[in-house]
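Asks: no sequence for this one, just the structure:
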């Protein structure tokens, strides 16, 4: 857990507090805090939770992401009941790029979505509409959302909060138990406390998800099929990029 050592010190400096001040707030000794920052010891899980709450970042971010590389902590966004770090990839000119999640990597996206290394190694392309905002492409599996079929891609725009869901619109959703799904959503939080997910193929029954079980939401922007889009050549050649091999190696490591 080397990253948490750097992250504690970095977040403390950003907060503008001394080791003694933070140690008092956490009800620990200054020497104990110092041992964490110098990577001579590791905080126990109960204090990792306290640190997460104190700095208002997710436990995943504390453990997995080098926060010293985050240019602006306003990139911390809230989804469901969780505050997460959202790594943003840009090109040499500072323009946002569209990451593509290859089919082989999509099964492990739930483990890798907040991992900076995982996101860095996704194949990326530029698209004309991606001048502002955050976009990502996801592979479609199955036949629950016709006319889209397996092999197509949905490009989505990042949604910051479940409260921004527009009833009846389609979204790519990352959930705690289902992983990545593409569905038509309805916000029923004020009625039964859940988000309702519907398939356009009526053979599939709708179901409900609690807001706190939703980690990411991506609003539909466009779909890209292998045969009918001039952009598709760019997309599928990008997927063939050697970066996809790096993703596969990453997923093999996660699966061990």
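Replies: Sure, I can see it. Fair warning: this is a prediction, and the values are worked out from it, not measured in the lab.

Asks: At which residues are the strands of the stretch 101-250 of the chain located?
Replies: Secondary structure of the stretch 101-250 of the chain, counting by DSSP state E, counting those that start in this stretch: strands at 124-125, 135-139, 153-158, 170-175, 179-188, 194-198, 207-209, 214-224.

Asks: ok, and what's touching the strand or helix carrying residue 31?
Replies: In this structure, residue 31 sits in helix 30-37 according to DSSP states H and E. For helix 30-37, contacts defined as Cβ atoms under 8 Å, 6 or more residues apart in numbering pick out 4-5, 8-9, 12, 19-20, 22-23, 26, 41-43. Glycine gets a C-beta too; all of them are placed from N, C-alpha and C.

Asks: Quick check: next helix or strand after that helix?
Replies: Next in line after helix 30-37, if elements are assigned by DSSP H and E, sits helix 45-55.

Asks: got the contact list for the most centrally placed residue in the chain?
Replies: Taking Cα atoms, centre = their mean as the criterion, residue 113 is the residue nearest the geometric centre of the chain, at 4.0 Å. Residues in contact with residue 113 (Cβ under 8 Å, 6+ apart) are 119, 174, 215-216.

Asks: Go through the strands of the stretch 101-250 of the chain and name the closest to residue 49.
Replies: Closest to residue 49 of the strands of the stretch 101-250 of the chain is strand 214-224 (Cβ to Cβ; 17.9 Å).

Asks: got the buried residues for the closest one?
Replies: Buried residues in strand 214-224, counting neighbours by 16 or more other Cβ atoms under 10 Å, are found at 214-221, 223-224.

Asks: so what does that strand touch, helix or strand wise?
Replies: strand 76-79, strand 135-139, strand 153-158, strand 170-175 (3 or more Cβ pairs under 8 Å, 6 or more residues apart in numbering; DSSP states H and E).
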